[in-house]
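Enquirer: Got a predicted model here, sequence first, then my questions.
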Amino acid sequence: MTTPHNVAVIIGSLRKDSLNRKVAQAVMKLAPDALKCEVIEIGQLPLYNQDHESEPPPAVRDFKAHVARMDSVLFFTPEYNRSVPGVLKNALDIGSRPYGKSSWNGKPAAIVSVSPGALGGFGANHHLRQSLVFLNMPTMGQPEAYIGNAAELFEPNGSFKTATRELMQKFIDGFNAFSQRNAQI
């Protein structure tokens, strides 16, 4: 039997109609009932500043508390210059500070990198994995999700075309099993 898991969905693109947001929404529709997926927005976060750790701005307090309440995390990221967007790195930094009070600690995670190009955000995916190791977030290794040529993968109604839907169904089902196995006790 699987336990319901609250899943933070973090989208590394701020554009309202981004391919990453579109993929995230389509994947969330495929999630099994055990995964309660919720997008946590990161665009409102101020730039990380250690001077604010003793009295964080409300947006930082709210973000950290929201992430802390979640059981696991799904990241959707584009690739900017072979890395993750600054807004996503900023969210990781804010959630991890102050030292010893990380909201990310121990949460199972998975990464979907999305690109209009052929490589599917391979560089961003692996760069994000490096940060998640340091944040003590067990990260699903298989199945991997590098979504290239993403603009071509959708039906007019926003759902995935058949081959992509099958791939992403395996991914989200795999994440459900991974999340259950790696849940904090």
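Expert: Arrived safely. Residues are numbered from 1 along each chain as shown.

Enquirer: List the contacts of the residue nearest to Thr164 when sequence neighbours are not counted.
Expert: Nearest in space to Thr164, with sequence neighbours left out and distances taken as C-beta to C-beta, 6 or more residues apart in numbering, is Leu153 at 4.4 Å. Every C-beta, even on glycine, is put in place using the N, C-alpha and C of the backbone. Neighbouring residues of Leu153 by C-beta atoms under 8 Å, 6 or more residues apart in numbering: Val23, Ile147, Phe160, Lys161, Thr164.

Enquirer: The second one reaches Val112, doesn't it?
Expert: Right, the one you point to is Ile147. Yes: with contact taken as C-beta atoms under 8 Å, Ile147 and Val112 are classed as touching, separated by 6.3 Å.

Enquirer: Need the residues touching each of these two.
Expert: Val23.

Enquirer: now, which of the contacts of Leu153 lie within strands?
Expert: Ile147 (DSSP state E).

Enquirer: Buried members of the contacts of Leu153 into PyMOL, please.
Expert: For anyone working in PyMOL, the buried entries among the contacts of Leu153, judged by 16 or more other C-beta atoms under 10 Å, can be selected with:
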select buried, resi 23+147+160+164
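
Enquirer: Tell me the one of the contacts of Leu153 nearest Gly86?
Expert: For the contacts of Leu153, the residue nearest Gly86 by C-beta to C-beta is Val23; the value is 20.2 Å.

Enquirer: any idea which helix or strand carries Asp93?
Expert: Following DSSP states H and E, one finds Asp93 within helix 86-96.

Enquirer: The lowest-mean-pLDDT helix or strand in the chain packs against which elements?
Expert: For the chain, the helix or strand with the lowest mean confidence is strand 145-147, at a mean of 90 (criterion: mean pLDDT, DSSP states H and E). In terms of contacts (3 or more C-beta pairs under 8 Å, 6 or more residues apart in numbering; DSSP states H and E), strand 145-147 is packed against strand 109-114, helix 162-181.
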